[in-house]
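1. got a sequence here, can you build the structure:
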Amino acid sequence: MSQADLSRRGFLGTALTAAAGLAAEKSPAVSIVRIKNGNIQAAVEQALDLLGGVESLTKGKNRIMLKPNLVAPVANATTNRDVVSALAKIMKKAHKDVSIGEGSAAAEGFNSKGQEVFRTRNRDLLKRMQDHVFETLGYAELGKTLRVPLVNLHCGDMVKVRVPNGFVYDELTIHRSLAETDLLCSAPIMKTHGLAQVTLGMKNLVGVFPGTVYCSVRGCMHDFASKVEPSGTAAPVVDMMRANKMGLVVVDASVAMEGQGPAKGTPVKMDLIIAGANPLATDMVSASVMGFEPEEIPTFAWANKAGMTPAKLDEVEVRGEKLDGVRRKFARAKISPWPSIRDFWGVKEIASGQAASGQAEACPTGRPLWSFACTGILEIAKIHLERVSV
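-> Numbering: from 1, shown residues only. I've put the predicted structure just below:
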C-alpha cells in the first residue's frame, strides 16, 4: 500500500470520525434506568454515567442548584426525597457547591383552606409556608444531614433578567441565587397536569417564579400569560427556560402520578429514573414513557417556537432501557384552560399591607434554613386566612 493510500485512508477516517462527532452533538442523549431493589442512589448514578458522568455534565460549573417539584406538602405529589439526596451526594462527591431551591404552590393553613386556594404576595406568609413544606417532606432534615442549604425561591434577594424575544415577558424577576448558579438541575416527579398535560423538567420551572412577585400558585403569572396562550403555563415556562441555566434534568419516575395531576391523581409505580442534559429532549422522552405524543404537549410546541431542539422524538438518542420496554399509557388529566378556572380557583387574595405592591421583599436571614423552628406557623397563618378579602 502506497503512502498516498495511507494518507487518503487516514483523511477519510478522520473525516468520518468528525462527521460522527457532529452527528452525536446534534442528537441529544437521554438515559432511562430501572430502579432495582429500591436502590434509587444506584439508579441515579447509572443514569448520569450513561450521559458521560457527573464530571462531564458539570464541567466548568461549580455552583449547582437542585430544583425538586414540591408543589405542596403531599408526598405522592412531590419529588422523592431519595432522588434529590442521591443527586446532592453525587454533586458533593464531585466537589460541587450544592443547594436545593423551591417555591411551592400551596399548603393547608397557609394559602389554602379546605377546597379553597388563595393567592398572596405576602413575604412572611410565603416564608413560613415554604419552611413548612421543607419540614413536612423531610427536606429540612435532608439539608441538615448533607449540609446542603435550602433556598426559598419565593422571597429574598431578587434580580431582573432580560428575556430576548420573550413570548410573555421581556424581563423576569428571579432569586439572585438562581441567577448566580452555574447549573440548574431540574428534578421533577413524573406527573400528568390539568393545565399543561404533563409536568416534567421544564414545567417544574413554574416553581422558580417568586411568589412575592407573581403570587403564590402563580395566579398573577397565569393571568398575564393566558392572554398569550390558553394554558397560561407553556409560554411563560419557555420564557423562564431562557432566563436561567438549566442544563440537567433528572426525572423521578419511581412512583409517578396519572389522572388529575398535579395533586389529585393516582400514584403509578414505574421504578424509573430518566435523565438528560437537554431539557426538551428529556421531557419528550419522559412524556413518551407516559404514552403521550410530543404534539400533545403545549410546552414542547412553544419551546420549538423559541428555537429549542429537538423537534421530533426520533432526533433523540435513548440510552439504557428501550422506550417500548418501559412505556405505559397514563390516564390523562382533564384539561382546563386557565381562563376557565381563573374566576373560582386561586382568585381570592390574602389581604396584607405588604402584598399590594407586587415587589419582592427580603426573607429573614442570618442562619441556615435547617436551623429554623416551625413553632406557631399554623397559628400565624390562621390570622392571615381570617383576613381573606372576597
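2. in stretch 50-60, what counts as buried?
-> 50, 51, 54, 57, 58 (16 or more other C-beta atoms under 10 Å). For the C-beta atoms, the positions are set from N, CA and C on the backbone; glycine is no exception.
3. how about the helices in the stretch 101-250 of the chain?
-> In the stretch 101-250 of the chain, the segments counted as helices under DSSP state H, counting those that start in this stretch are 123-136, 139-146, 176-180, 211-214, 219-225, 234-241.
4. including mean pLDDT, mean neighbour count and distance to residue 70, could those go into JSON lines?
-> Output for the helices of the stretch 101-250 of the chain, formatted as JSON lines (pLDDT from 0 to 100; neighbours: other C-beta atoms under 10 Å; distance: least, C-beta to C-beta, whole Å):
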{"stretch": "helix 123-136", "mean pLDDT": "97", "mean neighbour count": "24", "distance to residue 70": "5"}
{"stretch": "helix 139-146", "mean pLDDT": "98", "mean neighbour count": "18", "distance to residue 70": "7"}
{"stretch": "helix 176-180", "mean pLDDT": "98", "mean neighbour count": "17", "distance to residue 70": "15"}
{"stretch": "helix 211-214", "mean pLDDT": "97", "mean neighbour count": "28", "distance to residue 70": "13"}
{"stretch": "helix 219-225", "mean pLDDT": "96", "mean neighbour count": "22", "distance to residue 70": "18"}
{"stretch": "helix 234-241", "mean pLDDT": "98", "mean neighbour count": "26", "distance to residue 70": "17"}
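5. taking the buried residues of stretch 50-60 one by one, which sit in helices?
-> 54, 57 (DSSP state H).
6. tell me the contacts of residue 273?
-> Counting by C-beta atoms under 8 Å, 6 or more residues apart in numbering, residue 273 touches 31-33, 35, 40, 43-44, 46-47, 83, 250-254.
7. circling back to that earlier point, closest one of the buried residues of stretch 50-60 to residue 65?
-> Closest approach between the buried residues of stretch 50-60 and residue 65, by C-beta to C-beta: residue 58, at 11.9 Å.
8. close enough to count as contact, the closest one and residue 98?
-> No. Counting by C-beta atoms under 8 Å, residue 58 does not reach residue 98; the two are 10.4 Å apart.
9. overlap in contacts, the two.
-> Taking C-beta under 8 Å, 6+ apart as the contact rule, residue 58 and residue 98 both touch 64, 91.
10. pass me the low-pLDDT residue ranges in this structure, would you?
-> For the chain, the stretches with pLDDT under 70 are 1-26, 351-390.
11. the same query, at a cut-off of 50, please.
-> Within the chain, the stretches with pLDDT under 50 are 1-24, 353-390.
12. hang on, the earlier thing: compare the helices of the stretch 101-250 of the chain and give me the one nearest residue 201.
-> Evaluated over the helices of the stretch 101-250 of the chain, closeness to residue 201 peaks at helix 234-241, with 9.6 Å, by C-beta to C-beta.
13. and the closest one, how far out from the chain middle?
-> Distance, stretch centre to chain centre, for helix 234-241: 12 Å (C-alpha atoms, centre = their mean, to the nearest Å).
14. hang on, the earlier thing: let me have the buried residues of stretch 50-60 in TSV, adding distance to residue 258 as columns.
-> Converted to TSV, the buried residues of stretch 50-60 look like this (distance: C-beta to C-beta, whole Å):
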residue	distance to residue 258
50	26
51	27
54	31
57	30
58	33
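15. what ranges do the strands span in the stretch 201-350 of the chain?
-> For the stretch 201-350 of the chain, applying DSSP state E, counting those that start in this stretch gives strands covering 246-258, 266-276, 317-320, 349-350.
16. ugh, wrong one, I meant the stretch 1-150 of the chain
-> Using DSSP E, counting those that start in this stretch, the strands of the stretch 1-150 of the chain run over 29-34, 63-68, 97-102, 112-113, 116-117, 150-152.
17. now do the buried residues in the first one.
-> Of the residues in strand 29-34, those scored as buried under the neighbour-count criterion (16+ other C-beta under 10 Å) are 29, 30, 31, 32, 33.
18. shouldn't the first one be in contact with residue 274?
-> So the one you mean is residue 29. No. With contacts counted by C-beta under 8 Å, residue 29 stays clear of residue 274, the gap being 11.6 Å.
19. just put the helices of the stretch 101-250 of the chain in a markdown table and tack on distance to residue 335.
-> Formatted as a markdown table, the helices of the stretch 101-250 of the chain follow (distance: least, C-beta to C-beta, whole Å):
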| stretch | distance to residue 335 |
| --- | --- |
| helix 123-136 | 26 |
| helix 139-146 | 30 |
| helix 176-180 | 29 |
| helix 211-214 | 22 |
| helix 219-225 | 14 |
| helix 234-241 | 12 |
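20. for residue 312, what are its contacts?
-> Contacts for residue 312 (C-beta under 8 Å, 6+ apart) come out as residue 294.
21. ok, it to residue 234 distance?
-> 18 Å (C-beta to C-beta, to the nearest Å).
22. just to revisit the earlier point, now distance to residue 219 too, for the strands of the stretch 1-150 of the chain, in CSV please.
-> CSV is the format used below for these (distance: least, C-beta to C-beta, whole Å):
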stretch, distance to residue 219
strand 29-34, 33
strand 63-68, 21
strand 97-102, 18
strand 112-113, 12
strand 116-117, 9
strand 150-152, 19
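23. phi first, then psi, for the residue lying closest to residue 337 once chain neighbours are set aside.
-> Excluding its sequence neighbours, the residue lying closest to residue 337 (C-beta to C-beta, 6 or more residues apart in numbering) is residue 230, at 3.8 Å. Main-chain torsions, residue 230, degrees, to the nearest 10: phi -70, psi -30.
24. how many neighbours does residue 230 have?
-> By the criterion of other C-beta atoms under 10 Å, residue 230 has 18 neighbours.
25. doesn't residue 339 make contact with it?
-> Yes. Here residue 230 reaches residue 339: they are 6.7 Å apart, a contact under C-beta under 8 Å.
26. and which of the buried residues of stretch 50-60 is nearest to residue 159?
-> Nearest to residue 159 among the buried residues of stretch 50-60, counting by C-beta to C-beta, is residue 58 at 23.0 Å.
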